[in-house]
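Chemist: Below are the sequence and a predicted model for it; my questions follow.
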Amino acid sequence: QVQLVESGGGLVQPGGSLRLSCVVSGAPSSRYFMAWFRQDPGTEPRFVASSSKSGGAWYLDDSTQGRFNISRDNAKNAIYLHMNSVKLEDTGVYHCAAQSSYKGYASRQDYDYWGQGTQVTVSS
């Protein structure tokens, strides 16, 4: 059974930086196209960033262009979300997600496996 476990969330001031991690267990992460989504209370998860299986290609939501980056280390079965110049609206629960057969990158329905999430709060 594939499991995804996120970590690295916390409280950060506007303009600050944070790095989220997601570790894959149960199968090599190299088998999966992976992504980060943000979920606000009472809403559906919203796409933030995604990475191809090798990490050679990625997509970012327009709201995070120039501020966030996604990377992965398949030797460690991990993916990361590098959050820079954070804004108040970046607050939320960040989930990592994985799909084995590519169906698309931005819709939550594209992904087969999900982590429980890590809370990020941007506040002064």
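Modeler: Cool, got the structure. Numbering: from 1, shown residues only.
Chemist: number of nearby residues for residue 107?
Modeler: Applying other C-beta atoms under 10 Å, we find 13 residues neighbouring residue 107. Any C-beta I mention is one placed from the backbone N, CA and C, and that applies to glycine too.
Chemist: from now on call the first residue 458
Modeler: All right, first residue 458 from here; so that's residue 564.
Chemist: my guess is residue 502 contacts residue 496, does it?
Modeler: Yes. Residue 502 is within contact range of residue 496, at 4.4 Å (criterion: C-beta atoms under 8 Å).
Chemist: Give me the common contacts of these two.
Modeler: Both residue 502 and residue 496 are contacted by residue 552, under the criterion C-beta atoms under 8 Å, 6 or more residues apart in numbering.
Chemist: neighbour count winner among those two?
Modeler: Neighbour tally, residue 502 and residue 496, criterion other C-beta under 10 Å: the higher count belongs to residue 502, 21 against 15.
Chemist: Show me what the residue nearest to that one when sequence neighbours are not counted is bridged to.
Modeler: Nearest residue to residue 502 in three dimensions, chain neighbours excluded: residue 494, at 3.7 Å (C-beta to C-beta, 6 or more residues apart in numbering). Counting by DSSP bridges, residue 494 forms beta bridges with residue 504, residue 552.
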